[in-house]
Every structure is written in structure tokens, then in C-alpha cells.
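Trainee: Need a 3D model of the sequence below.
(one chain, ligands or ions: 1)
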Amino acid sequence: AYTLKDAAAATGRVFGAVVPAGLLGDADYTKALDQEFGQITPENEMKWNVVERVRGKFDFAAADRLVDHAESRGMAVRGSVLAWHSQLPGWVINIGSGAELLTALREHVAGVAGHFRGRVDHWNVVNEAFGDSGARRNSVFQERIGESWVEEAFLAAEAADPTAKLCYNDYYTDGSGPKSDAVYGLVRDFVARGVPIDCVGFQGYFNSDHRVPADMAENLRRFADLGVDVHLTELNVTGSGETQAKAYAVAVSACLAVPRCTVITVGGVTDKYYWNAAKTPLLIDADYGRKPAYFSVLDVLNEA
Ligand code: G3I
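Mentor: From the prediction side, this is the model:
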């Protein structure tokens, strides 16, 4: 196959990208998006500070534009994110009572997942609930609601959209280690207690300090063995040239080695608009040229 989405589809997988709504009017950008990718993850447009900046007043204008674009091209949509400690509006941070914050969380999830019911195939329900040590991250939710905030978000998402697949999503969990073990423990516990969870997202941020771990396939497999799908959700590798290409090939190969690794999403379409402007971590360069990393990923997919 000659495009990422077609090559991935031939293996039974979806190849997606993180996309900001602001670029949908840019013809060069949408040409590359529509050609290469089969799934859209809204970059910021579904986050709490955008969709519910004022309590109870939902604004889905930007997110709807992304979902409309995806639907008109037959692309899937990964919703992101229902509950996250970052990009929260001030009113959420200022809720002092745990009971009140839990009510706000439930209403938020019901409002957002309910609005997109039937149009979002996967939700990142919760992002980044753990710190690198494997302990729960000290967030407003953790502090005021306690441990149960994560499952509360999943239960609310299940109620709001019973058809969407519900995922936990985190970074630096790609290989084994304390943080990955903690997420594994959470998923195992959810499965054992019947808390709804269908998938785990591995963000896949790689650089010279965080190389693609040698045990990535093994780590993905242990999660899959719990009965959940596994996804690479924001894959990106800093650097350039053959070094970058090689790292991408290793990460994508790890996914291809695991049948339940069904989605590969890169952190953006082109380096031109990567949110961290100092970096060039994507597959397509700022002039829409296909990089060595692009061809290495395409080759690995075509060889699978
Ligand atoms: O909307 C404001 C705009 O009004 C203002 O003029 C401008 C000035 O800086 O900032 C704009 O907000 C930016 C926002 O993106 C929208 O463009 C924020 O500063 C910027 O911090 C924010 O960055 C996002 C980042 O999350 C925040 O942590 C990135 O776009 C987004 O790609 C990134 O994504 C997260 C994933 O959701 C979860 N995994 C980690 C990843 C990095 O944090």
C-alpha cells in the first residue's frame, strides 16, 4: 500500500493523527491528513477548558468541526479527553468539596460523551492519573475525590455512550517499570471488578532520554492478555533522519507484534504545526515532504 492508512488497514489496524481544528481550512494540511490518516484525535478541542469553560454551558463548535471532517471522509474519531488534571477551567480547580467535584466530573462526562454518543469510537476517558513512581499523581481529582475518581469517570462514560470503547491513556508506560506496572494494576483491578474498560493508550513520547524500550512488545502484550486492546496514541520521536526513522520502526513493530494493538496514532500530521514548535518529531516535514521516518513506518506496515 502507498499510504499509512491503507498499509495499516491491510494489517487490520487504524492509523491516525492528532489534529487541531484550526487547520481544517488549510488545503495543504487537509490534503495530507485525508490522504494518509484514517482517524482523528482532536488535539485540544474536547478538553474541559474548551468544551465546558463555564459550568453547565457546553461549547462543542470546534470539536464538532473535527468530527464532521472525520465523518465526511470516513475517518474514525478518538475522543480526548474526558478527565485529565491539565487544561481544566478555573471553576473546576476552585471546587473545594470532593462531593461537589465528583458531581461536576459526572456532569462533565455525561455532557461531553453524551453529545458525541455514537460518533466517537474510542474515548481517552482518563489521562495521566499516575506519576513516574507509580503512585497516583497529585491532581485536583486525586486530592478531593480520592482514588475512585478514575473509575467514576469510566462509569460515567459507559453510561453516557455505551457503544464507545473506553481507554485509559498515559505516557512513559511503553515499557515495563513502576508507572507501567501501576497502570497494569489499575486495568487488572477494573477487569476483575467489572469496571468498564476496553483499551489502554500508550502515548509514545520518545527522545534521547526516553528511547523506545526493548520490551515494548512484551509490555503491550501483558496488557492485551488482560483482555483489553492496546493503542499507540500520540506517537512521536524527536530528532531526524535515520535515527528517528529507526526508532519509529521499532515502536510500530512492537505494536504489529501484538494482535490486540489495533490503533497507531501519531502526535500530528506535519512538523510544520507540531504544538512544540522547537521539535520535528513527526513523519511529514514542514514542506509536506515524506521523511525517512515516514518510509520506515510505511515499510514496516507493508511487511507485516
Ligand atoms: O488557546 C490558547 C491561545 O488563546 C493562546 O493565545 C496561546 C498562547 O500560548 O495558547 C493557546 O493554548 C495552547 C493550547 O495548546 C491550544 O493551542 C496552550 O498554550 C498549550 O499549552 C496547549 O498545548 C497542548 C498541551 O497538550 C498542553 O499540555 C498541546 O496543544 C497538546 O498537543 C498537548 O497534548 C497533550 C495530550 O493531550 C496528552 N498527552 C500529553 C500532551 C502534551 O501535554
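Trainee: Pull up the residues of the stretch 101-250 of the chain that are close to the ligand.
Mentor: Neighbours of the ligand within the stretch 101-250 of the chain, by C-beta under 6 Å from any ligand atom: 127, 171, 203, 234. In this view, the C-beta of every residue, glycine as well, is placed from N, C-alpha and C.
Trainee: What distance do you get for the third one to Pro89?
Mentor: Meaning Gln203. As for Gln203, its distance to Pro89 is 23 Å (criterion: C-beta to C-beta, to the nearest Å).
Trainee: one step back: now, of the residues of the stretch 101-250 of the chain next to the ligand, which are buried?
Mentor: 127, 171, 203, 234 (16 or more other C-beta atoms under 10 Å).
Trainee: Excluding chain neighbours, give the residue nearest to the first one in space.
Mentor: With C-beta to C-beta, 6 or more residues apart in numbering as the criterion, Asn127 has its nearest non-adjacent residue at 4.0 Å, and that residue is Trp84.
Trainee: For the strand or helix carrying Ala32, list every residue counted as buried.
Mentor: Assigned by DSSP states H and E, Ala32 belongs to helix 27-36. Using 16+ other C-beta under 10 Å as the test for burial, helix 27-36 gives 29-30, 32-34, 36.
Trainee: Repeat that for stretch 6-22.
Mentor: 6-8, 11, 13-21.
Trainee: so for it, what's the average pLDDT?
Mentor: The average pLDDT within stretch 6-22 is 98.
Trainee: The stretch 1-150 of the chain: helices as residue ranges?
Mentor: 4-9, 27-36, 48-51, 61-72, 90-93, 98-115, 140-144, 149-160 (DSSP state H, counting those that start in this stretch).
Trainee: Export the ones you listed as TSV, with columns for distance to Pro259.
Mentor: Below are those laid out as TSV (distance: least, C-beta to C-beta, whole Å):
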stretch	distance to Pro259
helix 4-9	14
helix 27-36	24
helix 48-51	34
helix 61-72	25
helix 90-93	39
helix 98-115	28
helix 140-144	34
helix 149-160	24
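Trainee: which residue does the stretch 201-304 of the chain bring closest to the ligand?
Mentor: Scanning the stretch 201-304 of the chain for the residue nearest the ligand gives Trp275, at 3.6 Å (criterion: C-beta to the nearest ligand atom).
Trainee: quick one, what contacts the residue lying closest to that residue once chain neighbours are set aside?
Mentor: The shortest distance from Trp275 to any non-neighbouring residue, by C-beta to C-beta, 6+ apart, is to Glu43 (6.8 Å). For Glu43, the contact set (C-beta atoms under 8 Å, 6 or more residues apart in numbering) comprises 18-20, 268, 275.
Trainee: Same check on Ile145?
Mentor: 98, 101-102, 105, 152.
Trainee: cool, Ala63 as well?
Mentor: 21, 42, 45-46, 50-51, 116.
Trainee: So the closest residue to it other than its chain neighbours versus Met216, what's the distance?
Mentor: Closest residue to Ala63 apart from its sequence neighbours, by C-beta to C-beta, 6+ apart: Glu45 at 4.2 Å. Computed with C-beta to C-beta, the distance linking Glu45 and Met216 is 30 Å.
Trainee: Check Gly177 too.
Mentor: For Gly177, the distance to Met216 - C-beta to C-beta - is 11 Å.
Trainee: who's more crowded, those two?
Mentor: Between Gly177 and Met216, Met216 has the larger neighbour count (other C-beta atoms under 10 Å), namely 24 against 16.
Trainee: Skipping adjacent residues, who's closest to the more buried one in space?
Mentor: Using C-beta to C-beta, 6+ apart, the closest residue to Met216 is Ala254 (3.8 Å).
Trainee: Wait, a helix at the one you found?
Mentor: Yes: under DSSP: H, G, I helix; E, B strand; the rest coil, Ala254 falls within a helix.
Trainee: quick check: mean pLDDT across stretch 244-255?
Mentor: 98.
Trainee: Specify the stretch among the helices of the stretch 1-150 of the chain that is closest to Gly239.
Mentor: Across these, Gly239 has its closest neighbour in helix 4-9 (19.4 Å, C-beta to C-beta).
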